[in-house]
Every structure is written in C-alpha cells, then in structure tokens.
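1. Need a 3D model of the sequence below.
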Amino acid sequence: MADTIAVYGYRVRQARTIRHSPIKPLAQMLDMSPSAWTALERSTSTDMPRLKLRTLATRLRFPAEFFSQPPGLPIHRGSLLFRSKKSIKVAQIDALTTLAEMIVELVAALGEHATQPPLRLPMALRQDISPEEAARQTRQALDLPESEPIPHVIHTLERAGVPVAVADVDMPDARHDAFSVWGGDFHEQPLIVARPVNSWERTRWSIAHEAGHLILHRGTTGEVDEDAANRFANEFLFPADMLREEWPGAATLTSLMPLKQRWKMSLAAIITHGKHLGLVEEHRATGLFKQLSARRDPHTGVTWRIQEPGWADLEPERPRLLAVMAERGLEQRPTPDLFTTLTGGWAPDLMEQITSGLREAPAVVQEHAKTAHSSLPSNVVTLRRA
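-> This next block holds a predicted model:
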C-alpha cells in the first residue's frame, strides 16, 4: 500500500468550512504553515501521507475516503440568496455554501436511482416584471387556483421540481430562517434550505420567500431585493384579488384572524400585504403592529409579534422529496448512513441533519396502471397532493 493518497483540495475546504474550523490550528496539527494549507485547499489534488489524512479526517469528523472523492460542481458563495448578506461573516457564508453543495450532491446521487419531478417554475420572465405578477404566473404554472389557499407550500414546490431540506444548521441569526440557491453550471438545480422552526406560518412564509428569490433572482450575485421576495411571498400565499374580496370592513386583529386561518398566513404578513395594496392606511397598519407587540401569550408571556396566536394549531411543514427518491429508487428508508454512502463520504452527522428534517411518507408513487402518469418511466417520482 502506498504511503500517500491523493486528496482533493476542494474536499479539504468543504470539510473545514462546514465544521467552522479556522485554518491556523488545523495547519499546526499537520505541521503545515497557514500558507501551505491555503495552497492545499486551492490545489486540484495533493498527495498526503495516510497518517496525516487519518488525523485530518478524525479532527474534522469526516470519513477519510471523503477527501479522495472528486468533488461535485461547486456553488459560488455569492449566489446564495438570503436576507442581509452584508451583515454575515464570510466564514458563515462559506459554511452555508458547503451545506448547499452537500445537498445538491445528495440530490444528484439520488437522481441516479430515481428521477425528481421536472422543474415547473416560470423561468422566462421579463426583467421588469413585478413580484406580484411573478407570483401570479408561478401559481398558474403550478396549477394553483387563485381562489384557494396553498395546502402545503413545501410539497407544492417539491412537486414542481424544487428540492427542499429542513436542517438544524448554523444559520447566522434568528432573521435567517432559510436560504436558497441555484446549483449547476447553468443554474439548473434549485434548492431551498430552511431551519426547523416551530411556527407553521413562519415556515410557509419563509419557503414562499425563498421561492421568490429563486424565480426573481436567478443568476444574481451579491445583495438581492428582499422587498421583492417579501412581496412575492405575500402574493403567492394570498392573491391580491382574493385579499381585496375578503378584507374586513374594519381591520382589527380579531377580524383578520379568519383570513389567517383560511389562507395559512401570519397576521403580520396579511397586514403588510393589505398595506401595500392600499386596503389599510399606514397609521392603521402601524397601530395593528403595535398591538401585536403589546399583546402576549398568556401561557408563554411571548408577544404576538414574535409568536402569534394559533402558532401551534398546525404542524410545521416538512419536505419529503428526498425520502421518496430514496424509497422509490433504492427501496430503502432514508438514513444518514445511506446518504453518506451515496455521496461518497459526507459525514453521517451532517446527513442526520437532513434526514431528521424529512417527513416520512408511505407509498407516494402511485401504480402506473392506476394513475394519469402511466407513461412515465418507473423511476420517475410523483408526489401525491398534500
């Protein structure tokens, strides 16, 4: 057996960044200078003594074989789409970029065994299109009637070919419930990643917000228009024509509660949407927000601005596409070890973050003779409507 093994520099970088490990102590551990470590990460591949590789793998908690696997297509860190990017440290963006690369590799690996649903997002939009019009076209492309609430936002997007992962990841701060990205050389693979928050309305709105980023800001790097993504989410979840039709004569928190319950959207988002449409005056909207900040849950003492009434009435949405692809294509339940094997060594504890965020689903692929999808190949995943 050779005393050295070829190690891919980009794999070293991925393992380091996702573990939030600074360069200096790692370099010292392997008796390297920081500049030599940087050269290692920038190299295509470098021969490394096996003993050093085992030391490195142990420190970063990765299987040693991970470092000798060719990396997948990298994702440019500037292409991540989420709020207040300027306020986030470079190391945090690097870690989230690596997380996205890991999930995109997992999707590609599962795609060797089961074909994900075809992408149905509207892509040929005018550059000057309004967020509201983009949301309306998206609902049309996804066959969502304007007069009805979206039953399950995550499943709707998964059926449209957008993988979603809910993972307990190290997002920079509480404002960042989710992020999105387009992977691949031609920005052909969308992905949404969200934290597992316990509020169903926050989860739905955050996923809709990221869908807005994917549709409005494909190919964008740097800062993106957050207000546009906000407006997209509000229109996508609650079309303006329906909001105008159902808006109460006197807007109070009590009179808006039925809209929240029917359209599965927070009071705060409904008030903001109504203000933008001119249904409630600025001063009245400000007063409603002050009431949300003043009122408290009698059991938890938390203000309604942070935790609205009804926050626990529904279970937060969770994805199932990756689970279905594993069950359909491999006839196995998704486990961290399975996903680690499929991806050539991404650490099991990282894959456990992904599997723990999946919703278990029984048979979600209908028998071809009993469905309208009888002409599809046997490995094409179809998801039942939630």
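2. residue boundaries of the helices in the stretch 251-386 of the chain?
-> 253-263, 267-276, 282-294, 321-330, 336-342, 348-356 (DSSP state H, counting those that start in this stretch).
3. Any chance of CSV for those, columns mean neighbour count and distance to Arg136?
-> The way it works is simple: take the backbone N, C-alpha and C, and place the C-beta from them, glycine included. Below are those laid out as CSV (neighbours: other CB atoms under 10 Å; distance: least, CB to CB, whole Å):
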stretch, mean neighbour count, distance to Arg136
helix 253-263, 16, 15
helix 267-276, 22, 14
helix 282-294, 14, 23
helix 321-330, 23, 25
helix 336-342, 18, 37
helix 348-356, 19, 33
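4. Of these, which is nearest Pro190?
-> helix 321-330 (11.8 Å; CB to CB).
5. which helices and strands sit right next to the closest one?
-> Under the contact definition 3 or more CB pairs under 8 Å, 6 or more residues apart in numbering; DSSP states H and E, helix 321-330 sits against helix 90-111, helix 336-342.
6. Now do the shortest one: distance to the chain's middle.
-> Between the centre of helix 336-342 and the centre of its chain there are 20 Å (CA atoms, centre = their mean, to the nearest Å).
7. Export the helices of the stretch 251-386 of the chain as a markdown table, with columns for mean pLDDT and distance to Arg16.
-> As requested, these are arranged in a markdown table below (pLDDT from 0 to 100; distance: least, CB to CB, whole Å):
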| stretch | mean pLDDT | distance to Arg16 |
| --- | --- | --- |
| helix 253-263 | 97 | 44 |
| helix 267-276 | 98 | 38 |
| helix 282-294 | 97 | 42 |
| helix 321-330 | 96 | 25 |
| helix 336-342 | 97 | 18 |
| helix 348-356 | 95 | 13 |
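8. now the ones you listed as CSV including distance to Leu99?
-> Shown next, in CSV, are these (distance: least, CB to CB, whole Å):
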stretch, distance to Leu99
helix 253-263, 31
helix 267-276, 27
helix 282-294, 33
helix 321-330, 14
helix 336-342, 13
helix 348-356, 8
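9. right, and these - which one's nearest Leu80?
-> Leu80 lies closest to helix 348-356 among those, at 17.5 Å (CB to CB).
10. picking that back up, please work out which of the helices and strands packed on helix 321-330 is packed deepest.
-> The highest average neighbour count among the helices and strands packed on helix 321-330, using mean count of other CB atoms under 10 Å, belongs to helix 90-111 at a mean of 21.
11. by how many degrees do that one and helix 321-330 diverge?
-> When axes from the mean of the first three to the mean of the last three CA atoms, to 10 degrees is applied, the directions of helix 90-111 and helix 321-330 differ by 30 degrees.
12. So what's the residue count around the nearest residue to Gly344 once chain neighbours are set aside?
-> Distances taken as CB to CB, 6 or more residues apart in numbering put Gln69 closest to Gly344, at 3.8 Å, once the chain neighbours are dropped. Using other CB atoms under 10 Å, Gln69 is surrounded by 15 other residues.
13. Isn't Gln69 up against Arg11?
-> Yes. The pair Gln69 / Arg11 is scored as a contact, 6.7 Å apart, by CB atoms under 8 Å.
14. Walking through the stretch 51-200 of the chain, point out its strands one by one.
-> Listed in chain order, the strands found in the stretch 51-200 of the chain under DSSP state E, counting those that start in this stretch are 164-166, 178-183, 189-194.
15. Let me have these in JSON lines, extended by mean pLDDT.
-> Below are the strands of the stretch 51-200 of the chain laid out as JSON lines (pLDDT from 0 to 100):
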{"stretch": "strand 164-166", "mean pLDDT": "96"}
{"stretch": "strand 178-183", "mean pLDDT": "90"}
{"stretch": "strand 189-194", "mean pLDDT": "93"}
